[in-house]
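Asks: show me how the following folds:
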Amino acid sequence: MTAQRVGAVVLAAGKGTRFKSDRAKVLHQACGRSVLRWVLEALWPVGLSRVAVVVGHQGDDVAAEAAAAGLTGLVTVTQRDQLGTGHAARVALDSGALDGCDTVVVASGDLPLLTPGSLQALLDEHAAADRAATLLTARLDDASGYGRVVRGDDGQVTRVVEDRDAEPATRAIDEVNAGVYAFARQSLAAQLAQLSADTAQGEQYLTDVIEPLVDKGVGAVVGDAAVLQGVNDRAQLADAASTLRARLLRALMRDGVTVIDPAATYVDAGVTVAADATLQPGTLLEGATHVGAGADIGPHSHLTDTVVAEGASVHSSRCHGADIGPHVSVGPHSFLRPGARLAAHAEVGSFCEVKASDIGEGAKVAHLSYVGDATIGAQANVGAATVTVNYDGFAKHRTEIGPRARVGSDTMLVAPVRVGADAYTGAGSVITHDVPDGALAVERNEQATKPGYAERKRARAQRREGG
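Replies: Next comes the predicted model:
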């Protein structure tokens, strides 16, 4: 028997009015991915040869998001007038994008919880029964808003009725259409050509092809309601994100990551965490962040596009675009900005900010300091309240601190400037010229001490009050 070629249509043309947003519904994010991207990621593992994403509202942006998934065989098709799900499916088939496919999966683009397993179960049932159509359905305690699946006395599907068109008896049915179907392509195309817009909303419903196909066989696979829930507003999007996050965290824990409190830990898709790392409560990991083996993140740390090497710790800090080396310590309460690179065993302590700078192996920026556009050599020590004064109002300039240098507390390093290897700066100095290797630079007036000052000040105050 010749292997069946399977294609898919993803319906992603609608605006999503209940989101009350200028952004298309499928572009809203859940755990670091768009709703559309989650659907595409679920579809591809089942062995599709082509995927046609139907776009409409904000079509260019939706098409760009679909293309960013990088799936072979993916194309976008524009539905210029949003005339319903049936019309969208017809636009996809008429485009020729699914030519050569024997079976076509049609899926709503707002099902971020969809899984490859649920799709594979649908395709297996469809192929085994050799039907014209097979639906994914779910049973809900509250089915309001969903199309109801009507079955005959023999238990076979006879039709699907949209909620807005349903009579009270039909609304009482708890089995709902999940918005995912497998069709024999030729049967689907024939029925789409005959769809009418004579409905409550003046649209062509994809569900209206079901009843005419009953004679050729229509079945259903009852799936997990939690997997098949769509997102129609922001509350449902938050619920979906919570479910996705729980899946991601469970996968990490099974792979050897310690998550102290999953309910208070937020990890996006695309983040990687190695075994034996620990995620403390309040941790938020986003983008292309990677956490190495044995690293300890949190509590209350927020990392975006940051690499944390093995054995490092990031305590109560914000890191964006940083590269944190092995056994580095960061925080608490520090900010690593893009281009911050910390070599092995370096330390950035409390209330520090580092951007576009290289902190050498074993170097320390202990607390209350700003390091920007700088290079700090190995084993150097930067005292509290040090500032690299890197911006003159027109351009940024670099500061270089050599290996084993000691920068005194409250030093202002006015760039461009170099503090040499093994050099020192005196506390409270404003350094505007290079400091040679091994030298001490001090810039401050000699201390003047005035004995009896406090007593004289009190006397003056008493005279003013008495006068």
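Asks: isn't G32 up against E286?
Replies: Yes: contact criterion CB atoms under 8 Å: G32 and E286 qualify, at 6.0 Å. (C-beta placed from N, C-alpha, C; glycine too.)
Asks: now V209: phi and psi?
Replies: Main-chain dihedrals, V209, degrees, to the nearest 10: phi -80, psi -10.
Asks: cool, S242 as well?
Replies: Note on S242: its backbone torsions stand at phi -60, psi -40 [degrees, to the nearest 10].
Asks: residue contacts, it?
Replies: Contact analysis of S242 by CB atoms under 8 Å, 6 or more residues apart in numbering lists nothing.
Asks: stretch 382-395 spans what distance, first to last residue?
Replies: From its first residue to its last, stretch 382-395 covers 24 Å (CA to CA, to the nearest Å).
Asks: pull the longest strand from this structure.
Replies: Longest strand in the chain by number of residues (criterion: DSSP state E): strand 175-184.
Asks: the helices in the chain, which residues?
Replies: Using DSSP state H, the helices of the chain run over residues 35-43, 59-68, 85-94, 116-129, 168-171, 185-192, 225-228, 234-254, 453-466.
Asks: turn those into TSV, including distance to E446.
Replies: Below are the helices of the chain laid out as TSV (distance: least, CB to CB, whole Å):
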stretch	distance to E446
helix 35-43	66
helix 59-68	64
helix 85-94	82
helix 116-129	75
helix 168-171	89
helix 185-192	91
helix 225-228	74
helix 234-254	60
helix 453-466	17
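Asks: got JSON lines for those, with mean pLDDT and distance to V150 too?
Replies: Conversion of the helices of the chain to JSON lines gives the following (pLDDT from 0 to 100; distance: least, CB to CB, whole Å):
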{"stretch": "helix 35-43", "mean pLDDT": "96", "distance to V150": "26"}
{"stretch": "helix 59-68", "mean pLDDT": "96", "distance to V150": "33"}
{"stretch": "helix 85-94", "mean pLDDT": "96", "distance to V150": "18"}
{"stretch": "helix 116-129", "mean pLDDT": "95", "distance to V150": "19"}
{"stretch": "helix 168-171", "mean pLDDT": "93", "distance to V150": "7"}
{"stretch": "helix 185-192", "mean pLDDT": "96", "distance to V150": "17"}
{"stretch": "helix 225-228", "mean pLDDT": "88", "distance to V150": "18"}
{"stretch": "helix 234-254", "mean pLDDT": "97", "distance to V150": "25"}
{"stretch": "helix 453-466", "mean pLDDT": "89", "distance to V150": "92"}
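Asks: out of these, which comes closest to T17?
Replies: In terms of CB to CB, the element of those nearest to T17 is helix 234-254, at 12.4 Å.
Asks: just the buried residues of the closest one, please?
Replies: Using 16 or more other CB atoms under 10 Å as the burial criterion, the residues of helix 234-254 that qualify are 236-237, 239-241, 243-245, 248-249, 252.
Asks: isn't G56 right up against A13?
Replies: Yes: the criterion here is CB under 8 Å, and G56 meets it with A13 at 3.0 Å.
Asks: can you pull the residues that touch both of these two?
Replies: The contact sets of G56 and A13 overlap at 62, 79, 82, 88 (CB under 8 Å, 6+ apart).
Asks: quick check: the third one touching H57?
Replies: Yes: with the criterion set as CB under 8 Å, Q82 and H57 qualify as a contacting pair; they are 7.0 Å apart.
Asks: quick one: common contacting residues for those two?
Replies: Common neighbours of Q82 and H57 (CB under 8 Å, 6+ apart) are 13-15.
Asks: will you turn those into CSV that also has neighbour count?
Replies: Below are the shared contacts of Q82 and H57 laid out as CSV (neighbours: other CB atoms under 10 Å):
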residue, neighbour count
A13, 28
G14, 21
K15, 16
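Asks: just send those residues back as a markdown table, with pLDDT too.
Replies: As requested, the shared contacts of Q82 and H57 are exported to a markdown table (pLDDT from 0 to 100):
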| residue | pLDDT |
| --- | --- |
| A13 | 95 |
| G14 | 89 |
| K15 | 88 |
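Asks: so which of these is the closest to W38?
Replies: Closest approach to W38 among the shared contacts of Q82 and H57 (CB to CB): G14, at 16.4 Å.
Asks: now stretch 148-156: buried residues?
Replies: Residues 148-150 are the ones in stretch 148-156 that count as buried (16+ other CB under 10 Å).
Asks: ends of it, what's the gap?
Replies: Stretch 148-156 has an end-to-end distance of 14 Å (CA to CA).
Asks: how about stretch 14-25?
Replies: 7 Å.
Asks: hmm, who's touching it?
Replies: Applying CB under 8 Å, 6+ apart, the external contacts of stretch 14-25 come out as 12, 26, 28, 35, 56-58, 61-62, 82, 109-110, 231-234, 237.
Asks: so how do I select the buried members of those in PyMOL?
Replies: For the buried members of those, the matching PyMOL selection, counting by 16+ other CB under 10 Å, is:
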select buried, resi 12+26+28+35+56+57+58+62+109+110+231+237
